[in-house]
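Let me see the structure of the following:
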Amino acid sequence: MAPDRFVRLFWIRILTAWVTLLAPMTATWAQTPPAGVVNPTFLTAESVAAVCLRPKQVLTNPAAQLLPTEVAEAAGEKYLGMGLKHITRATAVGEPPLGTTLYYAVILQADQAFDFEKLAPELIQHTQPGKIADRDCLVSQHPMLPCLMILKQKTLVVGSQGMLEKLFDGSREKAAGVLAKLVARQPSGDDLYVAVDLVALRPLIQLGLMQAQGKAPPEMQSFFQAPGLLESVELTLNLNSAQPSKLVAHTAGAAEATQLEELMQAGIQVAQAQMKGGMETQLAQLRASDDPIQRAYAAYADRMSNVYTGLFQPKRDGNSFVLFDTSATESAQLTTVAVIGVLVALLLPAVQQAREAARRVQSINHMKQLLLAMHNYHDRKRHFPAHAIYSDDGKPLLSWRVAILPYIEQQALYSRFHLDEPWDSEHNRALIPEMPEGLLDQSSKLAPAQGKTHYVGPVGEGLFFSGTDRGISFRNMTDGTVKTIVLLQVDDPHAVIWTKPKDWSYDEQEPLGGLNGSLHPGIFHAGFADGHVTAIPETVDPELFHKLLTVGGKEKTPTPLEF
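Numbering: from 1, shown residues only. Next up, the predicted model:
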């Protein structure tokens, strides 16, 4: 099975198992939960999110007989070798993404022993026996898939190698940040507990909101300040009236809390006005109807509008805001069901935005690595690479991306190329599927084995790549390195085979052709000669964009650049 396909299937199966596990959360739970939430030893100093779920106390509820518990049990038996009713606690922790490296761990604690031999083959076939922090484990051979470790027989730890090395480093720094404080003061054993440090994630959040803010009307701009005022959020879900469910947002201080309170009240007023404005005409007709059923429907709509307005009225408590609290309502169970529905509707777009923000960061890091390689090439050769490796008779053979392989820690791959043969010779063509991971944008639908890259250089007279066998140097960039584009990120249809001497050409009729695709909505990335990478909006002025493409056009461009 192709590695990329295996990775996708692996995560699909993992997500399927978790969805099956979370499904029973839509019903009530039974017994008084045990004390304790997230074990602080599972947190690193850089951890920004923690989730604790208690499958056993949910699935052993008598009311769970109305739910597909058989499916949950079958999923546990298939993947873990034991029914999910034996999992007493599942804890997930994570750190912010660092380039293409992920730091995460899922800790499963059970009332019976785990056994590697009973785990589903798809969970372990990418691993080899080895050691992490002097502990026996199964070490992943794929950077995107997890390692597995069994502790004291009844605890299974699944996570990235870097995260496991941190967790079991006896000399590591004790977690003492925002997340650790949240966890320490949450003693109850709730069905589900989620805590997120928003300060550490703020750069990703802001990057994800950038596109939406650019399209929002002026009257909505002030609301984009809200994420910057929040320090953390906590979600507690219990569908038993004896155990409240809460969503609480915390600010760092009183000034931020006051500002956030004002924004919340303004937001509620806007939402109410829009709701009433959108329905008022229809409701007025229903109220004036001769049909008593239609008048009753109008009365019901008015009543429910008031119910939801009261339900989601945030209550300030010092520097915290309780967005909902079922302990304060008479119908806690129904309230929680309603809250879950609203939260799902709100969180899905947020998850999408966060995922897109992470992918943008990865793309930027990929381009920065390529720019650094170009600089190192220049330091050694006294010029940047030409757009291609040429034959003695002047024919382009292989792309500049092959020429910089030694500068991105790919000397072994570089040595296998026949540099005197074209990219599509029988020998060189066999190396196309071995394209380095950093040449593929993470938002792409292309498979790595296709060997197509999204990172290309502008080629043409007066541009970074002249289309000849001569590479330019810094002294040729009279427009300034900070204002000269050397690298562009194109969309999937315009991705090129990475070894082929083909890049991107400027077209006056379509100046953004191939750049304004769907990889990153609303923007494309550009790398500049000084090594920085910028997200350029698709609405960029074509004239300004062309000025940035030229290396010595002597055009005047604003400083700093404004798109």
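
Low-confidence bits of the stretch 201-350 of the chain, can you list those?
For the stretch 201-350 of the chain, the stretches with pLDDT under 70 are 208, 211-215, 239-242, 271-283, 304-313, 326-350.

Kindly recompute the last result at 80.
Along the stretch 201-350 of the chain, segments meeting pLDDT under 80 span 203-224, 238-245, 265, 267-291, 293-294, 297-314, 323-350.

which stretches of it form helices?
Along the stretch 201-350 of the chain, counting by DSSP state H, counting those that start in this stretch, helices occupy 226-229, 254-287, 292-311, 332-381.

any idea how the chain splits into domains?
The chain resolves into domains spanning 1-173, 190-328, 356-549 when parsed by automatic domain parsing.

give the contact list for residue 95.
44, 46-48, 103-104, 163 (CB atoms under 8 Å, 6 or more residues apart in numbering). For every residue, glycine as well, the C-beta is placed using N, CA and C.

Would you mind putting the domains of the chain into CSV with distance to residue 184 alongside?
What follows is the domains of the chain, written out as CSV (distance: least, CB to CB, whole Å):
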stretch, distance to residue 184
domain 1-173, 7
domain 190-328, 10
domain 356-549, 28
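
and stretch 473-489, average pLDDT?
Taken as a whole, stretch 473-489 has a mean pLDDT of 91.

err, stretch 500-511, not the other one
In this model, stretch 500-511 has a mean pLDDT of 92.

can you pull the buried residues of it?
Across stretch 500-511, burial judged by 16 or more other CB atoms under 10 Å covers 500-504, 506, 511.

tell me which of the residues you listed is nearest to residue 171?
For the buried residues of stretch 500-511, the closest approach to residue 171 (CB to CB) belongs to residue 503, at 47.8 Å.

how close does the closest residue to the closest one other than its chain neighbours get to residue 254?
When the adjacent residues along the chain are set aside, residue 503 lies closest to residue 456, with 4.1 Å between them (CB to CB, 6 or more residues apart in numbering). The gap separating residue 456 from residue 254 is 51 Å, by CB to CB, to the nearest Å.

More neighbours: which of those two?
residue 456 (25 against 10; other CB atoms under 10 Å).

how many neighbours does residue 102 have?
By other CB under 10 Å, the residues close to residue 102 number 18.

Contacts only, for it.
Residue 102 touches 94, 144, 160, counting by CB under 8 Å, 6+ apart.

What residues does the closest residue to the first one other than its chain neighbours make contact with?
By that I understand residue 94. In space, residue 94 comes closest to residue 104 once its chain neighbours are excluded; the distance is 4.3 Å by CB to CB, 6+ apart. By CB under 8 Å, 6+ apart, the contact set of residue 104 is 92-95, 146, 159-160, 163.

Show me which of those residues is closest to residue 415.
Nearest to residue 415 among these, with distances taken as CB to CB, is residue 160, at 30.1 Å.

What is the burial count for residue 220?
13.

Turn the buried residues of stretch 500-511 into JSON lines, including distance to residue 235.
What follows is those, written out as JSON lines (distance: CB to CB, whole Å):
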{"residue": "500", "distance to residue 235": "49"}
{"residue": "501", "distance to residue 235": "52"}
{"residue": "502", "distance to residue 235": "49"}
{"residue": "503", "distance to residue 235": "47"}
{"residue": "504", "distance to residue 235": "45"}
{"residue": "506", "distance to residue 235": "49"}
{"residue": "511", "distance to residue 235": "46"}
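
Can you tell me which of these comes closest to residue 464?
Closest approach to residue 464 among the buried residues of stretch 500-511 (CB to CB): residue 503, at 9.4 Å.

Could you check how far the closest one is from residue 386?
Distance, residue 503 to residue 386, using CB to CB: 11 Å.

intersection of neighbour lists for those two?
Shared contacts of residue 503 and residue 386 (CB under 8 Å, 6+ apart): residue 465.

Burial check on residue 356, number of neighbours?
19.

Indicate which one of the domains of the chain is closest to residue 183.
The closest of the domains of the chain to residue 183 is domain 1-173. By CB to CB, the value is 4.5 Å.

Compute the mean per-residue pLDDT across that closest one, please.
Mean predicted lDDT for domain 1-173 stands at 78.

pLDDT weak spots in the stretch 351-500 of the chain?
The low-confidence ranges in the stretch 351-500 of the chain, as defined by pLDDT under 80, are 351-358.

Kindly recompute the last result at 70.
Those would be 351-355, if you go by pLDDT under 70 across the stretch 351-500 of the chain.

just the helices in the stretch 1-150 of the chain please.
3-22, 55-59, 69-80, 121-124.

on contacts alone, who are the packing partners of the last one?
Packed against helix 121-124, as judged by 3 or more CB pairs under 8 Å, 6 or more residues apart in numbering; DSSP states H and E, are the following elements: helix 3-22.

switch to 10 Å and redo it
Packed against helix 121-124 by the contact rule (3 or more CB pairs under 10 Å, 6 or more residues apart in numbering; DSSP states H and E) you find helix 3-22, helix 69-80, strand 135-140, strand 147-151.

Okay, buried residues for stretch 369-379 please.
369-371, 373-375, 377-378.

Just flag the most distant two among these.
369 and 378 (15.1 Å).

where exactly do the helices run in the stretch 401-550 of the chain?
411-416, 426-429, 542-549.

right, and these - which one's nearest residue 293?
Closest approach to residue 293 among the helices of the stretch 401-550 of the chain is made by helix 542-549 (59.0 Å; CB to CB).

centre of the chain versus the closest one, how much separation?
31 Å (CA atoms, centre = their mean, to the nearest Å).

other SSEs contacting it?
Using 3+ CB pairs under 10 Å, 6+ apart, helix 542-549 sits against strand 485-489, strand 523-528, strand 533-537.

re earlier: how close does the residue nearest to residue 94 get to residue 418?
41 Å.

Redo the helices and strands packed on helix 542-549 as a markdown table? Include distance to residue 227.
Shown next, in a markdown table, are the helices and strands packed on helix 542-549 (distance: least, CB to CB, whole Å):
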| stretch | distance to residue 227 |
| --- | --- |
| strand 485-489 | 26 |
| strand 523-528 | 19 |
| strand 533-537 | 18 |
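
Make a markdown table from the ones you listed and add mean neighbour count to it.
Output for the helices and strands packed on helix 542-549, formatted as a markdown table (neighbours: other CB atoms under 10 Å):
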| stretch | mean neighbour count |
| --- | --- |
| strand 485-489 | 24 |
| strand 523-528 | 22 |
| strand 533-537 | 18 |
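
Indicate which one of these is closest to residue 132.
When the helices and strands packed on helix 542-549 are compared (using CB to CB), the closest one is strand 533-537, at 33.2 Å.

Give me the contact list for that closest one.
Contacts with strand 533-537, where a contact means CB atoms under 10 Å, 6 or more residues apart in numbering, come from 207, 210-211, 214, 360, 363-368, 370-371, 485, 487-489, 512, 515-516, 520, 522-528, 544-545, 548, 561, 563.

Backbone dihedrals for the residue of the chain most remote from its centre, both of them.
Distance to the chain centre peaks in the chain at residue 290, reaching 53.6 Å (criterion: CA atoms, centre = their mean). Note on residue 290: backbone dihedrals following degrees, to the nearest 10 are phi -80, psi -10.

Following element in sequence after the helix or strand encompassing residue 181, please.
Here residue 181 sits within helix 178-184, counting by DSSP states H and E. Downstream of helix 178-184, the next assigned helix or strand under DSSP H and E is strand 192-197.

partners of that following strand in the sheet?
strand 49-53 (antiparallel), strand 230-237 (antiparallel) (DSSP bridges).

mind checking which of those is nearest residue 314?
Counting by CB to CB, residue 314 lies closest to strand 230-237 out of these; the figure is 12.1 Å.

Extract the C-alpha set from that closest one and format it as PDB.
Extracted C-alpha coordinates of strand 230-237, given in PDB (Å, rounded to 0.1, in the frame of the first residue of the first chain):
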ATOM      1  CA  LEU A 230      -8.600  35.400  25.800                       C
ATOM      2  CA  GLU A 231      -6.000  33.500  27.800                       C
ATOM      3  CA  SER A 232      -7.700  30.100  27.900                       C
ATOM      4  CA  VAL A 233     -10.900  28.100  27.700                       C
ATOM      5  CA  GLU A 234     -12.300  25.100  29.500                       C
ATOM      6  CA  LEU A 235     -15.100  22.800  28.500                       C
ATOM      7  CA  THR A 236     -16.700  20.300  30.900                       C
ATOM      8  CA  LEU A 237     -19.500  18.000  29.600                       C
END
